[in-house]
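Engineer: turn this into a model:
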Amino acid sequence: MSEFKSVHQMADDQYIDVYSAAIVKTGTQCAAVNLDGRSPVRLLMPAGWATTAAILHVDMSDDGVTYRELWSAGTAYTVAVKASQAVRVDPQMFGGVNYIRLLGTQVRGTAVAQSTQGIVGIVARLI
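Structural biologist: Got it, this is the predicted structure:
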């Protein structure tokens, strides 16, 4: 039996959802997140985010197993971040991406371990 949705229920499917990507103390990488067909529009950085991890690199996966760094026009996609910020990201970069995980690095690309456990919020919607 197929599931029928009202116009209002279908519109709700496009609404924003917030996913949580945990990072453990001394970790450099957030847990992988299944975006359920949505694209990130904002990242909500935790208060305890290490200030030396000023750049986030994005790894993407189609199957949740094999991850590759997300690139566009010959450049790795990165996002500048600070603790306690809500940072806008380009949702078009994530079209068709099923899973993502975030890696905190210094400007030069060296991974930075976090001094506290935290949660990065990933605000996403259908595009």
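Engineer: contacts, neighbours, all on C-alpha from now
Structural biologist: Noted.
Engineer: ok, and what's touching stretch 116-127?
Structural biologist: Identification of contacts with stretch 116-127 by Cα atoms under 8 Å, 6 or more residues apart in numbering yields 13-26, 30, 35, 37-46, 48-49, 91-92, 95.
Engineer: try stretch 85-96
Structural biologist: Contacts of stretch 85-96 (Cα under 8 Å, 6+ apart): 37-46, 72, 79, 81, 127.
Engineer: list the buried ones in that stretch?
Structural biologist: For stretch 85-96, burial by neighbour count (16 or more other Cα atoms under 10 Å) applies to 86-87, 89, 91, 94.
Engineer: stretch 34-50 now?
Structural biologist: In terms of neighbour count (16+ other Cα under 10 Å), stretch 34-50 has its buried residues at 34-35, 38-46, 49-50.
Engineer: show me where the chain has helices.
Structural biologist: In the chain, helices defined by DSSP state H lie at 7-14, listed in chain order.
Engineer: okay, now the unreliable bits of the chain?
Structural biologist: For the chain, the stretches with pLDDT under 70 are 1-2, 5, 7-14.
Engineer: list the contacts of Val24.
Structural biologist: Shown in contact with Val24 (Cα under 8 Å, 6+ apart): 30, 114, 116-118.
Engineer: let's see that with 6 Å instead.
Structural biologist: Residues near Val24 by Cα atoms under 6 Å, 6 or more residues apart in numbering: Gln117.
Engineer: sorry, back to before: now for the buried residues of stretch 34-50, which pair is the farthest apart?
Structural biologist: Arg38 and Ala50 (27.5 Å; Cα to Cα).
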